[in-house]
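Participant: Just to be clear, the model below is a prediction. Sequence and coordinates:
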Amino acid sequence: MKKTVVLAIGLVMACNSSQKTASTNNEIVETQQNPEMFAKTITEADLKEHLYIYASDDFEGRETGEPGQKKAVEYLKSQYENLGIPAAKEDGDYFQNVPLEVSQLPSGSITINGVNYPLGTDFLTFSEGQGEFEDMIYAGYGIETDKYSDYKNIDVEGKIILVKAGEPVDANGNYIISGSSKKSVWSNMSESMGKRMELASSKGAKGMFYYDENNFPRLKGRFDWMKNNENRRMELSTDGSDGFFTFWINSKLAKALVPKIDTEAKSQKIATPIKIDVRSQNNEVVSENVVAFIKGSEKPEEYVVLSSHLDHIGISADGEINNGADDDGSGTVALLEIAQAFKLAADQGQGPKRSIVFLHVTGEEKGLLGSRYYTDVEPIFPLEQTVANLNIDMIGRIDPKRTGERNYIYLIGSDKLSTDLHDLSEEVNRKYTNIELDYTFNDENDPNRFYYRSDHYNFAKNNIPIIFYFNGTHEDYHRPGDTPDKINYDLLENRTRLVFHTAWEVANRDQRIIVDKVQE
């Protein structure tokens, strides 16, 4: 399929050897190499050919751990082998095994001061926990920063702790952590829960009771739905290895422990016996990331990670296949075409200065599991040497709610950690692709919280600069109608070329991307 492309690029390069582009710091300057010649190998026809295979019924919706997902990873492996791009792992295996497990909803109860509370009424959890404790520690908001700590002068080693949602304010009503009327990350449920759990676990706590009156009904709705539909939760097998558990409790249970919990912020010991007996059954799931890479010519120990998720949601209960052409077949085939372009450049002696990692992750639809395994458990390449992550998730359609030109892309996160990366991204687009860069969903107050909902976030939380490329949702999102015939291939081509050009500049500039907005 690619032989004619290789011949053409060779002829073009022979005629354009004096037009190379590279970048120094934020500026793109003319030298002897022209990445446009390689970008032009990214075509509608090739993207379409890949996607009609990858999002076909044969792949059965690519459900994590299911036969269709196995076909998907084999397809990706074969493409990298055909391109001559090696595996990222030293043993030559393209697959990074991601240990997963599916747990049934647990069953059981907790007993406090002789009063029994069954799971699913006054407390909720999605994992198991057991133990008997003579007392527990109320740790206020469960927060610790350089400006504020609920853990000061308390020892939670081996204890159960009770914390509440929200964050402290001063006498003037300003938030102590931000020092202003602006809330910090500790007020956001999706991010702060993980931060509270990690902090408590790092201090040796055995488990956490979490009081969030506003969100308890929503969690109970999810719990009841899973119970009634026999739905199971997939997670990394490593998640429960330390035995730490989290229980969400309602107002009744919270106030039985601390009667004035809504206003009381002072950490204290609660002298009450607690017995926990909540058990669950887990089943192993075999799944894998696919990881290939091109070694850098001058700075091989620095890495630019390009990512997309290879999975989708599989087959519906009524037997309909959710093909996931846009989500994230579009990102997957874009990554393959970008890989081809970089390989052609390398074959012409114009390989990237920094190493390029092509990371196809599993389990995104189950909670960003494959990318979290790569960043938090087994990074194939050191995170401290990872310069940036460009993540592609849904770039083949048009958001029907958006007004304006069709030639657009939503950019999320480009300025969250690095002004440098944001400026480079803008300049690359002006020079090469002229797409309207729409930052609507980059707003911290965006209720969709897309910044936290795709695989780039696991890099961002490690202070690695990211850009998330996204076309927005549509009527076929997570539905059987997300098929390859509905993809706008001209837009997919141009958007893919934008990612390629951005990766090219990040990989070839003299200085690595500067992180000037380190986050907590």
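Facilitator: That came through, no problem. Numbers count the residues shown, from 1 in each chain.

Participant: Next one: the spatially closest residue to Asn463 that is not a sequence neighbour from Phe468, what distance?
Facilitator: Spatial nearest neighbour of Asn463, excluding adjacent residues (CB to CB, 6 or more residues apart in numbering): Val518 at 5.4 Å. Heads up, the C-betas are built off the backbone N, CA and C, glycines and all. Val518 sits at a distance of 19 Å from Phe468 (criterion: CB to CB, to the nearest Å).

Participant: The two: who's more crowded?
Facilitator: Neighbour totals were compared for Val518 and Phe468, and Phe468 leads with 27 against 8 (other CB atoms under 10 Å).

Participant: so the more buried one makes contact with Ile409?
Facilitator: No: the criterion here is CB atoms under 8 Å, and Phe468 misses it with Ile409 at 10.1 Å.

Participant: buried ones in stretch 363-376?
Facilitator: Gly363, Glu364, Glu365, Lys366, Leu368, Leu369, Gly370, Ser371, Arg372, Tyr373, Tyr374, Thr375 (16 or more other CB atoms under 10 Å).

Participant: With stretch 290-298 instead?
Facilitator: Buried-residue list, stretch 290-298, by 16+ other CB under 10 Å: Val290, Val291, Ala292, Phe293, Ile294, Gly296, Ser297.

Participant: now those residues as JSON lines including distance to Gly204 and pLDDT?
Facilitator: Converted to JSON lines, the buried residues of stretch 290-298 look like this (distance: CB to CB, whole Å; pLDDT from 0 to 100):
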{"residue": "Val290", "distance to Gly204": "37", "pLDDT": "98"}
{"residue": "Val291", "distance to Gly204": "35", "pLDDT": "98"}
{"residue": "Ala292", "distance to Gly204": "40", "pLDDT": "98"}
{"residue": "Phe293", "distance to Gly204": "38", "pLDDT": "98"}
{"residue": "Ile294", "distance to Gly204": "43", "pLDDT": "98"}
{"residue": "Gly296", "distance to Gly204": "42", "pLDDT": "98"}
{"residue": "Ser297", "distance to Gly204": "47", "pLDDT": "97"}
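
Participant: Take these and write them to TSV, including secondary structure and distance to Val499.
Facilitator: Listed next are those as TSV, based on DSSP: H, G, I helix; E, B strand; the rest coil; distance: CB to CB, whole Å:
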residue	secondary structure	distance to Val499
Val290	strand	18
Val291	strand	18
Ala292	strand	16
Phe293	strand	16
Ile294	strand	15
Gly296	coil	18
Ser297	coil	21
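
Participant: Tell me which two in these are the farthest apart.
Facilitator: Val290 and Ser297 (23.9 Å; CB to CB).

Participant: Distance-wise, check His312 relative to Val361.
Facilitator: Distance from His312 to Val361, by CB to CB: 13 Å.

Participant: show me what contacts Gly173?
Facilitator: Ser181 (CB atoms under 8 Å, 6 or more residues apart in numbering).

Participant: Secondary structure element holding it?
Facilitator: When elements are assigned from DSSP states H and E, Gly173 belongs to no helix and no strand.

Participant: what's near enough to touch Gly158?
Facilitator: Gly204, Ala205, Lys206.

Participant: before we move on, back to that, any idea which of the buried residues of stretch 363-376 is closest to Phe123?
Facilitator: Lys366 (24.0 Å).

Participant: Name whatever forms a beta bridge with the residue nearest to that closest one when sequence neighbours are not counted.
Facilitator: Nearest residue to Lys366 in three dimensions, chain neighbours excluded: Met234, at 4.2 Å (CB to CB, 6+ apart). Per DSSP bridges, the residues bridged to Met234 are Val102.

Participant: So which residue of this protein lies furthest out from the middle?
Facilitator: Gly114 (42.8 Å; CA atoms, centre = their mean).

Participant: For it, give me the backbone phi and psi.
Facilitator: Dihedral pair for Gly114: phi 80, psi 0, per degrees, to the nearest 10.

Participant: what's the spacing between it and Lys147?
Facilitator: Applying CB to CB to Gly114 and Lys147 gives a distance of 41 Å.

Participant: Repeat that for Leu105.
Facilitator: 39 Å.

Participant: Which of these two has more residues huddled nearby?
Facilitator: Neighbours per residue, other CB under 10 Å: of Leu105 and Lys147, the larger number sits with Leu105, 20 against 12.

Participant: backbone phi and psi for that one, please?
Facilitator: Backbone phi and psi, for Leu105 under degrees, to the nearest 10, turn out to be phi -60, psi 130.

Participant: just Ile177 next, same as before
Facilitator: Dihedral pair for Ile177: phi -70, psi -40, per degrees, to the nearest 10.

Participant: Good, we can wrap up now.
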